[in-house]
Structures are given as C-alpha cells and as structure tokens.
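> The sequence and its predicted three-dimensional model are supplied below.
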Amino acid sequence: MEQELELEREREREREQELEQELEREQEQEQELEREQELEQEREREQELEQELEQEREQEREQVMEQVRKMTSQSIIREVKKMKVNHPYQVGKPYFIRTITMIYTGKLEAVYDKELVISSAAWIADTGRFAQAVATGSFDEIEPYPDNVKVTIGRDAILDAMPVNWALPRVQK
C-alpha cells in the first residue's frame, strides 16, 4: 500500500510538473504574442509617421512651387514693365521717321528691340523745305505703301523720329 501511495504521489508530482511546464509554455506563448502585437503596433506607428512625413514633404514641395510660380510671374511682369518703358516711342501715334538714307511717315504699331513697325506708311522721297515739311506735313514727293501693309524699319538705321499732329500723307505726289 505504501508503494501504491508512493506511486500515486509520484504520478501527482509528474502531473504537477507537466501542468507547470504547460503553464510556462502558455506564458511564453502569451509573451511572444504580446511582443508580436507590440512589433505590429510599432510598424503601424512607423507607417503613420512616414505618411505624415511624406504629406509634409508634399506640402513643402507645393509651397516651393507656388513661390517659384509667383517669382516667375513677378519676374515676367517686371521684364514687361521694363520693356514698356525702355524706349521713348508712343505706340498708336503718327510719326515722322528719318533714317540714314530715307524718310518715312506712318502710324507706330509696335516697338521691338531692333525694329519699329508702322502702318499707313509712306516713303518721303523729297521733303522740300525741311522745317516747313515737318511742321505742316506738306512734302514735295510722296510714295505711299499700299493700304493694310505694315512696314518694318530697323532701329539701328534711325537718325531721329518725332510724333506728329498732322494727317499722314496717303496720296502719291
């Protein structure tokens, strides 16, 4: 009987050991599961941070691009303003233009770096008395260009030009 009791106790100890081992395994599994969950949460936080960072970078890029657009627009406006004021000519006014070899009359349509463009143009082959001609618009010899033709005159060849207040000559003389 004593042997039986001893055997019984031995079996009970073994079961207790097995139960303890099982409990330890379960605890280890729980700890492993907790670590995996923590790692997953950490990965999720990292992804969220990366997304936030990317959004911030995108916003910064957009802000920089907007500044570049504004700067470019402002630069263009400044250049256009400079272009508008870098000559003494008045577009839309009638002009008397004397070049190295010829004299023209016409309405100033456009001013470019190297050219003037006029319409209602005429070549004045002979002015007659110069002072009287520029004061009155009365010339001895006139060769008008055809109507609706725009004439381009190289600015490098211009000696002088003046706006006039008399009617542009349009009849051949």
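Received it, and whenever you're ready, just let me know what you need.

> list the contacts for I100?
A157, L159 (CB atoms under 8 Å, 6 or more residues apart in numbering). C-beta coordinates here come from the backbone N, C-alpha and C atoms, glycine included.

> typo on my end, A110
So A110 contacts V91, L116, V117 (CB under 8 Å, 6+ apart).

> Let me see the backbone angles for it.
Dihedral angles of A110 (phi, psi; degrees, to the nearest 10) stand at phi -160, psi 150.

> So what pairs up with it in the strands?
A110 forms beta bridges with V117, as assigned by DSSP bridges.

> any idea how far it lies from D156?
To D156, A110 is 17 Å away according to CB to CB, to the nearest Å.

> about what we covered before: the contacts of A110, buried ones only, as a ChimeraX selection?
Buried residues within these, by 16 or more other CB atoms under 10 Å, are selected in ChimeraX with:
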select :116,117
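
> Verify the contact between A157 and T99 for me.
Yes - at 4.4 Å, A157 and T99 qualify as touching, with contact defined as CB atoms under 8 Å.

> Doesn't Y104 belong to a strand?
Yes - the assignment for Y104 by DSSP: H, G, I helix; E, B strand; the rest coil puts it in a strand.

> Name the helix or strand for the closest residue to it other than its chain neighbours, please.
Spatial nearest neighbour of Y104, chain neighbours left out: I97 (4.6 Å); criterion: CB to CB, 6 or more residues apart in numbering. Per DSSP states H and E: I97 is located in strand 94-99.

> Output the contacting helices and strands for that strand.
Here strand 94-99 touches strand 103-111, strand 115-126, strand 151-154, strand 158-163, going by 3 or more CB pairs under 8 Å, 6 or more residues apart in numbering; DSSP states H and E.

> and the first one, how far from the chain's centre?
Between the centre of strand 103-111 and the centre of its host chain there is 34 Å, according to CA atoms, centre = their mean, to the nearest Å.

> swap in the longest one?
Between the centre of strand 115-126 and the centre of its host chain there is 39 Å, according to CA atoms, centre = their mean.
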